[in-house]
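In: Pasting the sequence and the predicted model now:
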Amino acid sequence: MSKLLWKALLAAPAAGAAFAVSSVAVAAETAPNLNLSVQAEPIQLAQITSVSELTDVSPSDWAFQALQSLVENYGCIQGYPNRTFQGNRSLTRFEFAAGLNACLDVMAVLISQSGIPPEELAAIRRLQEEFQAELATLRGRVDALEAETATLRAQQFSTTTKLRGQADGQLIVPFDSMEVPSVQDSFSFEGRARLNFDSSFTGQDRLRIRLQSSSGNSALNPAFGGLANSSGTVTGTSFDVIVDDFFYRFPVTNRITATLAARGMQGNDWVTSTIVPYDGPAVADASGPQFYDRGGITSNAVGGGVNISFTDSIVLDLGYSSAYGNAGSPAVGVFDSRTPQSIIAQLNFIPEGPFNAALVYMMNNRSSTFALDNTGIGAPGGKTNTYAGLVSFDFGSFFVGGHGAFQDFQGGDDFNWTAGGGFNDLFIEGSQLGVYGGQLPQMRGYTGNPWLVEGYYQLPVSQFLTITPAIIYGDANPVAAGDDRGLWGVIRTTFRF
């Protein structure tokens, strides 16, 4: 088969791609406009002899080679009178027809000059007939995909928002609750449901609005912080729906990300990672670690933060939270010191290897949870400084990690820590068996630091369902007279959809 014929056959798909690419690119990012009528004004296209004549086409463009080949080898690319190609703009049917016609004229000339032998034309016809069924099948699949795509676009929830949900149910059995003997054999249930509306307008930002409903957080002594996936009040049983998170996160540069929050961001919500490997899979909130949560800031907090990536492994997190919403007065602003405020700075070292670590400083100007701090929210003083370190060693099949935190506040100081380890993918891929324990932050009304030990086994049943049984044992008030120890069994079931 002659070279001219091959050039003619190759020119057709290249020409179609060059003239259709801008239309496809725009269609992929925008929803279709239904019943749209366009009146195209006549545009006089200009023939070009070199791709360099197009002022808006550069060698770095992904289609540069295709355009260069069509211009220099076939001479069938036309530009606008102002010497632009406008490759990122949707083209009209008239423009496509004009460009295609120019390339077809060149193909006709090439074929007429080639003097195609009859046997080569017969071979081409034979190939067309041989693959006719496959081509027809492929055409039908493309038509079906186009129809399904059109239906999805017409019926989609939103072009910018994804809906994600999570539901947690936790069955708690007090095997040996000396603290409350009357309920020693009682079962209790705590539930929480979340719907996250995550929107993106640039592909790199995220606006999150979270609706949450929950009930109960009283199965464990308040000194232990309750269960990690229970967000109700100690006595709440109403399952009221609230806006739990409301924030917008966006990139400032390729190394800096900023977050503005109207509700729900506090403590470890600002940080890249809490480092300890049992935070998340474990059932008790003490896996937190809890020093992030002690500061008088509630879920009403507003504020802002930035995450600065100096390298891919070193990240600095900065965050500010204000519980101004509790003041009940529009005269009290976000930066008014009469309401609880919290700042956090965390430097993370998170390389690809097994070792991760972080250093943390937090300051809360109001702390109503620590022992010896009797100032109360809104009263002068009560500032708490926290200095903490977190480490983790993840060797793939097994891990160890922990934290230590020193906190000084009005009237005293406190040290708390946790340490633990476990195995990943034990018996089942995606599972985690872990044990951790430690001394928790001391709370007002208690003598000494509570301590707690938990063993858990996170079991993924499917991509939508995870079951985590756990055993929790602890002493809420180890120094005081009486017995505040307890042993609980918990089964947490988590649905994600």
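Out: Ah, there it is.
In: Nearest residue to Ser186 in space, please, no chain neighbours.
Out: Pro174 (6.7 Å; C-beta to C-beta, 6 or more residues apart in numbering). C-beta coordinates here come from the backbone N, C-alpha and C atoms, glycine included.
In: what number of residues lie near the one you found?
Out: Using other C-beta atoms under 10 Å, Pro174 is surrounded by 22 other residues.
In: What ranges does the stretch 1-150 of the chain have for its strands?
Out: The residue ranges that make up the strands of the stretch 1-150 of the chain, judged by DSSP state E, counting those that start in this stretch, are 46-47, 78-79.
In: among these, which gets the worst mean confidence?
Out: Note on the strands of the stretch 1-150 of the chain: lowest mean pLDDT is at strand 46-47, with a mean of 66.
In: circling back to that earlier point, and the residue nearest to Ser186, bridged to which residues?
Out: Trp488 (DSSP bridges).
In: Distance check, it against Ser214.
Out: To Ser214, Pro174 is 20 Å away according to C-beta to C-beta, to the nearest Å.
In: Return, as residue ranges, the portions of the stretch 151-300 of the chain with sub-threshold pLDDT.
Out: Applying pLDDT under 70 to the stretch 151-300 of the chain flags the ranges 176-185, 217-218, 232-238, 295-299.
In: And stretch 261-276, how far out from the chain middle?
Out: Shown here is stretch 261-276, whose average C-alpha point lies 13 Å from the average C-alpha point of the whole chain (C-alpha atoms, centre = their mean, to the nearest Å).
In: from here on, count from 2
Out: Happy to do that; since the first residue is 2 now, the last one works out to stretch 262-277.
In: Go through it and flag the buried ones.
Out: Residues of stretch 262-277 classed as buried: 262-277 (neighbour count, 16 or more other C-beta atoms under 10 Å).
In: Identify the farthest-apart pair in those.
Out: Spatial extent of the buried residues of stretch 262-277 (C-beta to C-beta) is set by the pair Ala263 and Val277 at 29.0 Å.
In: Identify all contacting residues around the helix or strand containing Phe198.
Out: Under the criterion DSSP states H and E, the helix or strand holding Phe198 is strand 189-200. Outside strand 189-200, the residues within contact range by C-beta atoms under 8 Å, 6 or more residues apart in numbering are 159, 161-173, 207-220, 228, 230-233, 240, 245-246.
In: correct me, but Val344 touches Gly320?
Out: In this structure residue 344 is Ile, not Val. Yes: taking contacts as C-beta atoms under 8 Å, Ile344 lies within contact range of Gly320: 6.9 Å.
In: if you count what's nearby, which of these two comes out ahead?
Out: Here Ile344 and Gly320 are compared on neighbour count by other C-beta under 10 Å; more neighbours surround Gly320, at 25 against 18.
In: do you know how far that one is from Ser53?
Out: Distance of Gly320 to Ser53, given as C-beta to C-beta: 51 Å.
In: do the same with Phe190
Out: Remark: distance between Phe190 and Ser53 (C-beta to C-beta) = 73 Å.
In: Could you report the neighbour count for Tyr437?
Out: Other residues near Tyr437 come to 26 when the count uses other C-beta under 10 Å.
In: for Gln69, that is, sorry about that
Out: By the measure other C-beta under 10 Å, the count of residues near Gln69 is 16.
In: pLDDT score assigned to the closest residue to it other than its chain neighbours?
Out: In space, and not counting its chain neighbours, Gln69 is closest to Val52: 4.6 Å by C-beta to C-beta, 6+ apart. The model reports Val52 with a pLDDT of 78.
In: Thought Ser70 was touching Val52, still the case?
Out: No: the pair Val52 / Ser70 is not scored as a contact, 9.1 Å apart, by C-beta under 8 Å.
In: Looking at those two, which one has more neighbours?
Out: In terms of neighbours (other C-beta under 10 Å), Val52 is the more surrounded of Val52 and Ser70; the figures are 22 against 16.
In: Now do that one against Ala477, distance only.
Out: Using C-beta to C-beta, one obtains 76 Å as the distance from Val52 to Ala477.
In: Also Pro282?
Out: Taken as C-beta to C-beta, the spacing of Pro282 relative to Ala477 amounts to 23 Å.
In: Likewise for Gln129?
Out: The gap separating Gln129 from Ala477 is 82 Å, by C-beta to C-beta.
In: which one of the two has more residues nearby?
Out: Ala477 (23 against 10).
In: give me phi/psi at that one?
Out: Geometry field for Ala477 lists phi and psi as phi -80, psi -30, criterion degrees, to the nearest 10.
In: can you give me the helices for this protein?
Out: Taking DSSP state H as the criterion, the chain contains helices spanning 4-30, 65-70, 94-115, 119-131, 133-156.
In: averaging pLDDT over each of those helices, which comes out lowest?
Out: Mean pLDDT across the helices of the chain is lowest at helix 4-30; the value there is a mean of 41.
In: So which residues of the stretch 352-498 of the chain form strands?
Out: Going by DSSP E, counting those that start in this stretch, the stretch 352-498 of the chain shows strands at 356-365, 385-395, 399-410, 413-425, 433-440, 452-461, 466-476, 486-497.
In: Just put those strands in JSON lines and tack on distance to Asp313.
Out: What follows is the strands of the stretch 352-498 of the chain, written out as JSON lines (distance: least, C-beta to C-beta, whole Å):
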{"stretch": "strand 356-365", "distance to Asp313": "13"}
{"stretch": "strand 385-395", "distance to Asp313": "17"}
{"stretch": "strand 399-410", "distance to Asp313": "21"}
{"stretch": "strand 413-425", "distance to Asp313": "23"}
{"stretch": "strand 433-440", "distance to Asp313": "26"}
{"stretch": "strand 452-461", "distance to Asp313": "28"}
{"stretch": "strand 466-476", "distance to Asp313": "30"}
{"stretch": "strand 486-497", "distance to Asp313": "28"}
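In: Show the average pLDDT along stretch 455-464.
Out: This predicted structure assigns stretch 455-464 an average pLDDT of 96.
In: quick one: it to chain centroid distance?
Out: Centroid separation between stretch 455-464 and its chain, computed with C-alpha atoms, centre = their mean, is 22 Å.
In: same deal with stretch 66-75?
Out: Once both centres are worked out by C-alpha atoms, centre = their mean, stretch 66-75 turns out to sit 43 Å from its chain's centre.
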